[in-house]
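**Q** Let me see the structure of the following:
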Amino acid sequence: MALFLFCKSPAGPVRMKRIQLLLCCFVLSLIIYFFNGHKPAVNLESAHPFTEELGVKDGTILKDMSAIKTVDSKTPQETSWGAPLVWGDSHNSVGQRARLSERGIHVGLLALVVGTYARFVRHFLSSAETHFLPGQMVTYYILTDNPRTMDPPVELGPGRQMKVLPAAELPGWDGLAFRRMVLFAEAMWDVIGSEVDYVFCTDVDQEFVGPVEEEILGDLVATLHPEFFQMPRNQFPYEDQEDSSACVEEDEGDYYYTSEFYGGVVSQMRRLARDCSLLILQDQANKVTARALEESYLNRYLIDHRPSCVLSPEYSWWDSPLTVHVPKKRLVSLGRQCEVYDMQKREQQKC
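**A** Sure, this is the predicted structure:
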């Protein structure tokens, strides 16, 4: 803005310059007021409800910004297809627990216990008794090549029971990884399907360290891998061999899921276990080994059949430099480091 003053004054040039200076100051004040002076008068509360999410309330900035830390990009509450992304202490999880806690729900927890993994089973069951769906009916299904592993029987609480299912001895870790899904499928069709409403498959070398309650229940439930949460999609270890039935194309996939904890209603889990087993057997017949073994087939299946409920890495966590920080650990792997070491050792031997 430009100001031009043309004045004639009998007092001479000095007086005219003073008048010009005063007028310039006055106009400059108006300009400053116009651009800045109106802003405090804006009602922040009525401008947009989003201001409250940013810590603005009654025109002031809140000192406690903890709400922002729980509602930011690091803790999304929903997937791109509208399924809940579960954090155990979120408002949605609290509501889910309230809706389902009074219902009589029967849940199966299925684990394979063979060979040296037998050393984990009692600690696993003890932690599940404390934290896994307290107040609900739970049946522990233990698939094992040595039923004596469970002697003497573990003492369980009210509404809890354990069933030991025989499994043939599996040679080597690779054999276990390929056969486990087949064994799970057989157990779901033969025994489990007629006894429970939901079934969750889990690794036995884990420990429940925090509450895992009704917020996990859904038709098809998968858990985000703690080392690849928030990683760019091109860093996911999807299977890339074109001749593998687990192969994932470059434009496919939303998340990378762990095979350490997943579940759902029995009908959905039967289908998952059956289809993944067929993919595994097909690759075995063609002498193809998927890069992440069972986990590769699980991720292929969950791309084609998106889960209705996705659990955050709180529900599958282990100590690793790549593992994401979580608000609370709920299920922690005890033997993951040993498995990773064994896998690396085998790769070195191949080279």
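**Q** Leaving out the residues flanking it, which one is nearest to Tyr140?
**A** Met162 (4.3 Å; CB to CB, 6 or more residues apart in numbering). (Each C-beta comes from the backbone N, C-alpha and C, glycine too.)
**Q** Would you double-check that the one you found falls in a strand?
**A** Yes. With DSSP: H, G, I helix; E, B strand; the rest coil as the criterion, Met162 is part of a strand.
**Q** residue contacts, the residue nearest to His305 when sequence neighbours are not counted?
**A** Of all residues not flanking His305 in the chain, Leu220 sits nearest, at 6.6 Å (CB to CB, 6+ apart). With contacts defined as CB atoms under 8 Å, 6 or more residues apart in numbering, Leu220 is in contact with 264-265, 268-269, 272, 302, 305-309.
**Q** So Thr323 sits against Pro313, correct?
**A** Yes. A contact is recorded between Thr323 and Pro313 when judged using CB atoms under 8 Å, the distance being 7.4 Å.
**Q** shared neighbours of these two, which are they?
**A** Pro226.
**Q** ok so, going back, pLDDT wise, what is the residue nearest to Tyr140 at?
**A** Here the pLDDT value assigned to Met162 is 96.
**Q** swap in Tyr117?
**A** We note a pLDDT of 89 for Tyr117 in this prediction.
**Q** From Tyr141, how far out is the residue nearest to it when sequence neighbours are not counted?
**A** By the measure of CB to CB, 6+ apart, the closest residue to Tyr117 outside its immediate chain neighbours is Val204, 5.5 Å from it. Counting by CB to CB, to the nearest Å, the separation of Val204 from Tyr141 is 11 Å.
**Q** Give the residues shared as contacts by the two.
**A** Among the neighbours of Val204, those also in contact with Tyr141 (CB under 8 Å, 6+ apart) are Ala111.
**Q** Quick check: the gap between the residue nearest to Tyr140 and Glu155.
**A** As for Met162, its distance to Glu155 is 10 Å (criterion: CB to CB).
**Q** Strands of the protein, start to end?
**A** For the chain, the strands identified by DSSP state E occupy 56-57, 60-61, 85-86, 106-113, 137-144, 160-166, 198-202, 206-208, 220-223, 261-265, 309-311, 331-333, in order along the chain.
**Q** can you tell me which of the ones you listed comes nearest to Arg179?
**A** Closest approach to Arg179 among the strands of the chain (CB to CB): strand 106-113, 8.7 Å.
**Q** CA atoms of stretch 124-133 as CSV?
**A** Output of stretch 124-133 as CSV, limited to C-alpha atoms (Å, rounded to 0.1, in the frame of the first residue of the first chain):
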residue,chain,number,x,y,z
PHE,A,124,3.5,-70.3,28.4
LEU,A,125,0.4,-71.8,30.0
SER,A,126,1.1,-70.1,33.4
SER,A,127,1.3,-66.7,31.7
ALA,A,128,-1.9,-67.4,29.7
GLU,A,129,-3.8,-68.3,32.8
THR,A,130,-3.0,-64.9,34.2
HIS,A,131,-3.4,-62.7,31.1
PHE,A,132,-5.2,-64.5,28.2
LEU,A,133,-9.0,-63.7,28.2
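**Q** If you count neighbours, what's buried in that stretch?
**A** Under the neighbour-count criterion of 16 or more other CB atoms under 10 Å, stretch 124-133 has 124-125, 127-129, 131-133 buried.
**Q** Quickly check the residues you listed for the two that are furthest apart.
**A** Between any two of the buried residues of stretch 124-133, the greatest separation by CB to CB is 14.6 Å, found for Phe124 and Leu133.
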